[in-house]
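Participant: With the input below, show me the fold.
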Amino acid sequence: MVDLATTFSISIGETKVEFIFRRSIELGPSMDLSISLLSSKVSLRSNPIILSRDDVIGLGEYIRNSMREDPDTGFVTWNLGFEFLAYDNDDYVTTIDLFVLVAEPDGERRSYLGCRGPVLSEELERFANQLKEYAM
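Facilitator: This is a model prediction of the structure:
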């Protein structure tokens, strides 16, 4: 049994990014995640990945911490489904790089696509809070 999808959106530069979560009894505390990138130039959805509840909470904490100081590394899921990197933050805006796994052919290298751009601090904080509340 799969619950309805829950979507959280954030605008990274000119790209609207949707994190689409699905929970099911079979996955227990974990959840499926697909990430959509929507802009005037591209519209794509990542391969679905399974995330633990701790990964979702960790992403929310990474975002909140990155608003106070530039982290040394990005947030990468254990299965390499996406990378979220925050940097060049100030009181009003933080630059975000997001790369999502879009192809994993047998015997070939993984393919990632993504976006880069500024995100207003209040939008970034809202997004981080939504992720943490959803995972709890």
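Participant: low-confidence ranges in this protein?
Facilitator: Scanning the chain for pLDDT under 70 picks out 1-3, 27, 103-105.
Participant: Next, the residue of it most remote from its centre: secondary structure please.
Facilitator: Within the chain, the residue lying farthest from the chain centre (CA atoms, centre = their mean) is G107, at 26.3 Å. State at G107, reduced to three classes by DSSP: H, G, I helix; E, B strand; the rest coil: coil.
Participant: now swap in the one 10 residues further on and tell me
Facilitator: Per three-state DSSP, the secondary structure class of G117 is strand.
Participant: Could you pull up the residues touching the residue nearest to it when sequence neighbours are not counted?
Facilitator: The shortest distance from G117 to any non-neighbouring residue, by CB to CB, 6 or more residues apart in numbering, is to G13 (1.8 Å). Using the backbone N, CA and C atoms, a C-beta is placed for each residue, glycine as well. Shown in contact with G13 (CB atoms under 8 Å, 6 or more residues apart in numbering): 115-118.
Participant: what does F82 give?
Facilitator: 35, 46, 49, 76, 98-101.
Participant: could you pull out the strands for the protein?
Facilitator: For the chain, the strands defined by DSSP state E occupy 6-12, 15-22, 31-38, 43-45, 49-51, 75-76, 82-87, 93-103, 111-120.
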